[in-house]
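K.L.:
Return atomic coordinates for the entry below.
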Amino acid sequence: MTNRHARDFEDTLDVLAGKRPATLYGRTWLRHQEDKQAGVIDLAVLKGESSVEEIAVAAGTSIVRVKRHLSHLTDDTHQGMASHRLRIKDDGKVRFDLEAVSKGDDVEKKGGVSEKWTDDEFEAAVKAYLWMLEQERDGKPYKKSDVNVTLREGPLASRTKASVEYRMQNISAVLVELSMPHVTGYVPAKNVGPDGKKKIMELLTRLNYHDPADYIPTEDPDVLEERVQKLRKKVDVFAPPKGQKTAKQTTGTSTGFVRDPVVKAWVLENAKGVCEACGNPAPFSTLVGEPFLEVHHLKQLSEKGSDTHTNAVAVCPNCHRRCHHSSDRMSFLQSIYLSVPRLVRE
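P.N.:
So this is what the prediction gives:
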């Protein structure tokens, strides 16, 4: 956040007791839950788009109601605001308090009190989230709003509706980072605090939904294949993995590379049993019933190619050999680049 923005946020703003300002151009109207006072914040210096509610919840604020969206906000300013607490002071004034808090960790509680989530609250949220995922997977109808109400009538009784919604978006963000499906409608949060992320990951592991060991890159072909088979049942083709820009080379009886199992699992699942080079179905199925395709890196790892989904395709054995040994190898690779939109030439 720039010094100019910091100065803007440090300015103390008068609270208008229940009175709506004559004009809201370039301003945001906020209402306090307890005393019903309201204040206005001048946002004329900001650019871009975002919403106040997302920022307010991320910041852990005592402001609970937002009357309009911001029309001006940059990503940098969004992150700057999300890392600071907004409060209504005892002297009846609204101000940005430039005390850093972890994004997504300190969140709004009923009554305007900002406080870190307890372990029990995190667990209740994650369990509810996984239940919703299960309903979606099984095609069973449910309402997220009903789940939100149930949580706030029980283990999350001290949290607001917006706070619970934002926590669900935190969980979505963690799952997307793991290339796993997330609940429809809970858009992954842009900013997840390190403490919150750690707790969510720990709970996903303890609840047997995620095994960190499956994600560890390995040079052992057998271990790689074992991890890939487990991950193929979990990866979401709409959440591509980051992979490795540079695959570590190993030496021993033969030269090899440390491969990312998530990348291989994602590429195979994304192909849906069809060779991405020739467009034909896989020639046969494996012993576990999976279409047999092989993963080929267009710029080979030995040539400093990345181990990422943008440099790898799922191909049938014949096309794989063609990629390596054919006299028309270069033109064949070019045709693959042209036919698979996600690929990036390296």
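K.L.:
wait, what's in contact with P291?
P.N.:
Going by Cβ atoms under 8 Å, 6 or more residues apart in numbering, P291 touches 271, 273-274, 281-282, 285. For the C-beta atoms, the positions are set from N, CA and C on the backbone; glycine is no exception.
K.L.:
just the buried members of these?
P.N.:
271, 274, 282 (16 or more other Cβ atoms under 10 Å).
K.L.:
which stretch of helix or strand covers H296?
P.N.:
Take DSSP states H and E as the rule and H296 turns out to sit in strand 294-297.
K.L.:
after that strand comes which helix or strand?
P.N.:
Tracing the chain C-terminally past strand 294-297 and defining elements by DSSP H and E, one meets strand 312-315 next.
K.L.:
Only C-alpha atoms, please: export that following strand in CSV.
P.N.:
This file holds the C-alpha atoms of strand 312-315, laid out as CSV (Å, rounded to 0.1, in the frame of the first residue of the first chain):
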residue,chain,number,x,y,z
ALA,A,312,2.9,-32.1,-20.7
VAL,A,313,0.4,-34.1,-22.7
ALA,A,314,-1.2,-37.5,-22.3
VAL,A,315,-0.5,-39.6,-25.4
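K.L.:
for this structure, which spans come out with low pLDDT?
P.N.:
Within the chain, the segments meeting pLDDT under 70 span 1-115, 252-254.
K.L.:
Can you show me the helices along the stretch 151-300 of the chain?
P.N.:
Along the stretch 151-300 of the chain, the segments classed as helices by DSSP state H, counting those that start in this stretch run 161-177, 194-206, 221-232, 261-271.
K.L.:
Nearest to L178, out of the contacts of P291: which one, please.
P.N.:
Checking the contacts of P291 against L178 by Cβ to Cβ gives A271 as the nearest, at 20.3 Å.
K.L.:
What helices and strands are in contact with the strand holding H296?
P.N.:
Here strand 294-297 touches helix 261-271, strand 312-315, helix 317-325, going by 3 or more Cβ pairs under 8 Å, 6 or more residues apart in numbering; DSSP states H and E.
K.L.:
Would you mind measuring from R329 to H296?
P.N.:
Using Cβ to Cβ, to the nearest Å, R329 is found at 11 Å from H296.
K.L.:
N148 too?
P.N.:
Taken as Cβ to Cβ, the span from N148 to H296 is 46 Å.
K.L.:
ditto for P221
P.N.:
Relative to H296, and taking Cβ to Cβ, P221 is found at 15 Å.
K.L.:
before we move on, what about I216?
P.N.:
For I216, the distance to H296 - Cβ to Cβ - is 23 Å.
K.L.:
Between these two, tell me which one has more neighbours.
P.N.:
A direct count of neighbours by other Cβ atoms under 10 Å for I216 and H296 places H296 higher, at 22 against 13.
K.L.:
contacting residues for the more buried one?
P.N.:
Residues in contact with H296, defined by Cβ under 8 Å, 6+ apart, are 312-315, 319-320, 323.
K.L.:
Now for those: which two are most distant?
P.N.:
Spatially, the most separated pair among those is A312 and C319, at 13.4 Å (Cβ to Cβ).
K.L.:
Mind checking which of these two has more residues around it?
P.N.:
Neighbours per residue (other Cβ under 10 Å) separate A312 from C319, with A312 holding more: 28 against 22.
K.L.:
The more buried one against K299, yeah?
P.N.:
No - between A312 and K299 there is no contact under Cβ atoms under 8 Å: 9.7 Å.
K.L.:
hmm, back to that, reformat the contacts of H296 as a markdown table; add distance to V340.
P.N.:
Output for the contacts of H296, formatted as a markdown table (distance: Cβ to Cβ, whole Å):
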| residue | distance to V340 |
| --- | --- |
| A312 | 10 |
| V313 | 6 |
| A314 | 10 |
| V315 | 10 |
| C319 | 12 |
| H320 | 15 |
| C323 | 13 |
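K.L.:
Would you map out the domains in the chain?
P.N.:
3-101, 114-206, 214-339 (automatic domain parsing).
K.L.:
Report the separation between K127 and K144.
P.N.:
Distance of K127 to K144, given as Cβ to Cβ: 15 Å.
K.L.:
Hmm, I typed the wrong one, I wanted P240.
P.N.:
The separation that P240 has from K144, given Cβ to Cβ, amounts to 25 Å.
K.L.:
Count the neighbours of E136 for me.
P.N.:
16.
K.L.:
give me the element it is part of.
P.N.:
helix 119-137.
K.L.:
Give the buried residues for that helix.
P.N.:
Counting neighbours by 16+ other Cβ under 10 Å, helix 119-137 gives 121-126, 128-130, 132-133, 136 as buried.
K.L.:
got a markdown table for those residues, with distance to L156 too?
P.N.:
Shown next, in a markdown table, are the buried residues of helix 119-137 (distance: Cβ to Cβ, whole Å):
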| residue | distance to L156 |
| --- | --- |
| E121 | 6 |
| F122 | 10 |
| E123 | 11 |
| A124 | 6 |
| A125 | 7 |
| V126 | 12 |
| A128 | 9 |
| Y129 | 12 |
| L130 | 15 |
| M132 | 15 |
| L133 | 18 |
| E136 | 21 |
